[in-house]
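[1] heads up, no residue letters with this:
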């Protein structure tokens, strides 16, 4: 999974986008993968900083994981992404 982020610089609520291409699988598999990502982020709302725009690009294989593994993957990458966003000139992409 690929995480992209940007801080808008305002106090608006955080926004989330989840994308899964056809390489992930058929519509059922793509929707399951997106639901897993949204649920993992909903249960761990600490990522939702004011003014944050987060884009999660689902890669093939994620739809085969369970909810706990997806949450672990996301929560491992989010702190690094947020750290990069807070540093001046930091990259907004995290593999």
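    Perfect, I can see it now. Being a predicted model, the structure only gives us computed values, none of them experimental.
[2] in which helix or strand would I find the spatially most central residue of the chain?
    Compute the mean C-alpha point of the chain, and by CA atoms, centre = their mean the closest residue is residue 56, 3.6 Å away. Using DSSP states H and E, residue 56 maps to strand 52-58.
[3] my read: the residue nearest to the centre of the chain touches residue 17, true?
    Yes: contact criterion CB atoms under 8 Å: residue 56 and residue 17 qualify, at 7.2 Å. Using the backbone N, CA and C atoms, a C-beta is placed for each residue, glycine as well.
[4] sorry, back to before: for the following helix or strand past the strand holding residue 56, what is the distance to the chain centroid?
    Next along the chain after strand 52-58, taking DSSP H and E as the criterion, comes helix 67-86. Chain-centre distance of helix 67-86: 8 Å, with CA atoms, centre = their mean, to the nearest Å.
[5] and helix 67-86, what does it pack onto?
    Applying 3 or more CB pairs under 8 Å, 6 or more residues apart in numbering; DSSP states H and E, one finds that helix 67-86 contacts strand 2-7, helix 27-43, strand 52-58, strand 93-94.
[6] that one vs helix 27-43, what angle?
    Orientation of helix 67-86 against helix 27-43 (axes from the mean of the first three to the mean of the last three CA atoms, to 10 degrees) gives an angle of 60 degrees.
[7] who's in contact with helix 67-86?
    Contacts with helix 67-86, where a contact means CB atoms under 8 Å, 6 or more residues apart in numbering, come from 1, 3, 5-7, 36-37, 39-41, 43-44, 47, 49, 52, 54, 56, 62, 65, 90-92, 94.
[8] buried subset of these?
    Buried by 16 or more other CB atoms under 10 Å: 1, 3, 5, 7, 36-37, 40-41, 47, 52, 54, 56, 62, 94, out of those.
[9] who's in contact with the residue nearest to the centre of the chain?
    1-4, 16-19, 37, 41, 74.
[10] who does it bridge with?
    residue 3, residue 18 (DSSP bridges).
[11] where does it land on pLDDT?
    Here, the pLDDT recorded for residue 56 equals 92.
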